[in-house]
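Colleague: quick check, what structure comes out for this input:
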Amino acid sequence: MAADLNKAVRMSVDSGKVKFGSRDSVKAALNGSAKVLVVSENCPKDVLGDITRYAALSEVPVIAFPGTSIELGSVCGKPFAVSALAVSDPGNSGLLEFAKAKSSE
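Modeller: Below you'll find the predicted structure:
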């Protein structure tokens, strides 16, 4: 499943609209502009708390990426660490299906 999530995240970056970083992710969770948020397993606790709180209020799903921020950055094709990303348009990725699968578990 992790490989499928990696592929879906990369496809979102390539074919959709994605904002990188915890600050933009918190803003997107707060105003509900994101369709889905992805956070790394080592995302700082205070940032993760803000993202999950605001995402719950805006009813935006949050996907926990099973890797570090370095690995998430690598999956996104970026030469830097990405602790969180906000996907406003998933493109051809199927990332929303991951969010639906997580919410039904």
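Colleague: can you pull out the helices in the protein?
Modeller: Ranges of helices within the chain are 2-15, 22-31, 45-58, 69-75, 95-104, based on DSSP state H.
Colleague: so which of those is nearest A86?
Modeller: A86 lies closest to helix 22-31 among the helices of the chain, at 3.6 Å (C-beta to C-beta). Any C-beta I mention is one placed from the backbone N, CA and C, and that applies to glycine too.
Colleague: now do the closest one against helix 45-58, angle only.
Modeller: 20 degrees (axes from the mean of the first three to the mean of the last three C-alpha atoms, to 10 degrees).
Colleague: quick check: which helices or strands does helix 22-31 pack against?
Modeller: Helices and strands touching helix 22-31, by 3 or more C-beta pairs under 8 Å, 6 or more residues apart in numbering; DSSP states H and E, are strand 36-40, helix 45-58, strand 84-89.
Colleague: tell me which of those sits most buried.
Modeller: Neighbour counts (mean count of other C-beta atoms under 10 Å) averaged over each of the helices and strands packed on helix 22-31 peak at strand 36-40, with a mean of 26.
Colleague: let me see the contact set for the residue nearest the centre of the chain.
Modeller: Residue closest to the average C-alpha location in the chain (C-alpha atoms, centre = their mean): V38, at 1.6 Å. Counting by C-beta atoms under 8 Å, 6 or more residues apart in numbering, V38 touches V9, V62, I63, F65, L72, A84, L85, V87, L95.
Colleague: apply 10 Å and report the result again.
Modeller: 5, 8-9, 12, 18, 25, 51, 61-65, 72, 75-76, 82-87, 95, 98-99 (C-beta atoms under 10 Å, 6 or more residues apart in numbering).
Colleague: I63 too?
Modeller: 5, 8-9, 36-39, 85, 87, 95-96, 98-99, 101-103.
Colleague: try 8 Å
Modeller: Per C-beta under 8 Å, 6+ apart, neighbours of I63: L5, V36, L37, V38, V39, L95, F98, A99, K102.
Colleague: ok, those vs A56, which is closest?
Modeller: Of all the contacts of I63, A56 sits closest to L37, with 11.0 Å by C-beta to C-beta.
Colleague: residues touching the closest one, list them.
Modeller: 25, 28-29, 51, 55, 60-63, 84-87 are the contacts of L37 under C-beta under 8 Å, 6+ apart.
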